[in-house]
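> let's see this in three dimensions:
(one chain, ligands or ions: 2)
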Amino acid sequence: MPVLKTENLTKIFRRGWRRGKFTALDNLSIEVREGEIFGFLGPNGAGKTTTIKILLRLLKPTSGNAYILDTNLKDTPTRLRVGYMPENPYFYRFLTGEEFLKFYARLNRIPPDDQSRRIDELLDLVGMRHARNVLLKEYSKGMTQRIGLAQALMHDPKLVLLDEPMSGLDPIGRKEIRDLIYALKHQGRTIFFCSHILSDIQDMCSRVAILHHGKLLKMGELDSLLGTEKNKIRLEIRLPDGTSPADLDLAGEFHNGLLKSVLPNTAEANQKLDLWRSKGAQIISWIPERKNLEEIFVETIRAADPNVVLET
Ligand SMILES: Nc1ncnc2c1ncn2[C@@H]1O[C@H](COP(=O)(O)OP(=O)(O)O)[C@@H](O)[C@H]1O
Ligand SMILES: [Mg+2]
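Ligands and ions are numbered 1, 2, ... in the order given. So this is what the prediction gives:
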């Protein structure tokens, strides 16, 4: 059972009579499975935040359906038990971290006797105990993201929606958020992670969807999108004295007994392995030339929209 599912979700904004209608989401159908970190990837304006707002029932879709844990959003009168960390948290600048969490504890109807304990737990989880009495306006970007994550976890949700959780963070801040997201996964939560930052998705997500102009361009396992098994293999092989690359059915750059060669894919390289071994060759390195997600992302979007200008 998918934890989150959309079926032909469409959102058309009316932008006044002069500018007409604008399709922000166009028949989006995606599925997020239990316990995964799902990457929802797309350039700015693709429709990621719009999707999240529909899932939170902050926006009504023009057509289509969305389900969370098999419940159609249309059938649920109350806000579902989903944790949400917004893209641009407009936090209450003159509250301390603790006061801010207290506010959300009340909002989430945590019983008064449990509030302090829950807030302590969350402050520990996100490593913000030291800053509990500091005003939010004094927080760095990374601290703001971390307290935002604590807020999102207040009611212990199974599903957490994160909208650009790494944006504007320095490398250390990103690593901290990444470690926190892994910790959430290990607690058995499902993470829906929106981003236009490809490297973060590449590192963390098991499955991804690529969105552009409101349309789903690709969805699948990260490894199959990256085409790992179809990639070229870059080899370094040490040949015994008196052996030439031709004896090993290989070509390439050959110098001082070391051959550097590139084979078209994993299957072909594996086929030749027995021959190389029988000739006493030693494999020094075997490196698949992985395409990175960035290349796939750009290729996919350019294929759909040749004139696109992508921000870097
Ligand atoms: N309330 C709105 N009215 C009109 N257009 C909107 C509204 N909200 C978002 N849009 C437009 O919908 C598109 C998708 O926006 P958004 O979902 O925020 O994209 P993303 O989060 O992927 O960057 C953008 O072009 C944006 O300008
Ligand atoms: Mg957005």
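
> give the contact list for residue 310.
Going by Cβ atoms under 8 Å, 6 or more residues apart in numbering, residue 310 touches 43, 298, 301. C-beta coordinates here come from the backbone N, C-alpha and C atoms, glycine included.

> host element of it?
Per DSSP states H and E, residue 310 falls between elements, in no helix or strand.

> show me the shaky parts of this structure.
Within the chain, the stretches with pLDDT under 70 are 77-80, 89-91, 228-229, 311-312.

> quick one on the thing from earlier: out of the contacts of residue 310, which are inside strands?
Using DSSP state E, no member of the contacts of residue 310 falls in strands.

> in the stretch 101-250 of the chain, mark out all the helices, start to finish.
112-125, 141-152, 171-186, 198-204, 222-226 (DSSP state H, counting those that start in this stretch).

> please put the alpha-carbon coordinates of the third one into CSV.
C-alpha atoms of helix 171-186 as CSV (Å, rounded to 0.1, in the frame of the first residue of the first chain):
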residue,chain,number,x,y,z
PRO,A,171,28.0,22.0,3.5
ILE,A,172,27.9,21.4,7.2
GLY,A,173,24.3,22.5,7.6
ARG,A,174,23.4,20.2,4.7
LYS,A,175,25.2,17.2,6.3
GLU,A,176,23.3,17.9,9.5
ILE,A,177,20.0,17.9,7.8
ARG,A,178,20.9,14.8,5.7
ASP,A,179,21.8,12.9,8.9
LEU,A,180,18.5,14.0,10.5
ILE,A,181,16.6,12.8,7.5
TYR,A,182,18.4,9.4,7.6
ALA,A,183,17.5,9.2,11.3
LEU,A,184,13.8,9.8,10.5
LYS,A,185,14.0,7.0,7.9
HIS,A,186,15.5,4.7,10.5
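
> quick one: contacts of it?
35-37, 125-127, 140-142, 145-146, 149, 153, 160, 162, 165-166, 169, 191, 193, 200, 203-204.

> just the buried residues of those.
Buried members of these, scored by 16 or more other Cβ atoms under 10 Å, are 36-37, 125-126, 142, 145-146, 149, 153, 160, 162, 165-166, 169, 191, 193, 200, 204.

> up against ligand 1, what does this structure have?
13, 15, 22, 24, 42, 44-50 (Cβ under 6 Å from any ligand atom).

> among those, which are in helices?
Assigned to helices by DSSP state H, the following of the residues of the chain next to ligand 1 qualify: 48-50.

> nearest to ligand 2: which residue in the protein?
residue 49 (3.2 Å; Cβ to the ion).

> what about that residue, neighbour count?
19 (other Cβ atoms under 10 Å).

> list the residues that contact it.
Shown in contact with residue 49 (Cβ under 8 Å, 6+ apart): 87, 163, 194.

> roughly how far does it sit from residue 206?
In this view, residue 49 and residue 206 are 23 Å apart by Cβ to Cβ, to the nearest Å.

> follow-up on the earlier one: what subset of the contacts of residue 49 is buried?
Buried members of the contacts of residue 49, counted by 16+ other Cβ under 10 Å: 163, 194.

> interface residues of the stretch 1-150 of the chain facing ligand 2?
Listed as neighbours of ligand 2 in the stretch 1-150 of the chain under the rule Cβ under 5 Å from the ion: 48-49, 87.

> as TSV, those with distance to residue 257 would be great.
Below are those laid out as TSV (distance: Cβ to Cβ, whole Å):
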residue	distance to residue 257
48	53
49	57
87	56
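
> any idea how far apart the tips of stretch 185-203 sit?
Using Cα to Cα, to the nearest Å, the end-to-end distance of stretch 185-203 comes out at 14 Å.

> what's the offset of that stretch from the middle of its chain?
From the chain centre to the centre of stretch 185-203 is a distance of 3 Å (Cα atoms, centre = their mean, to the nearest Å).
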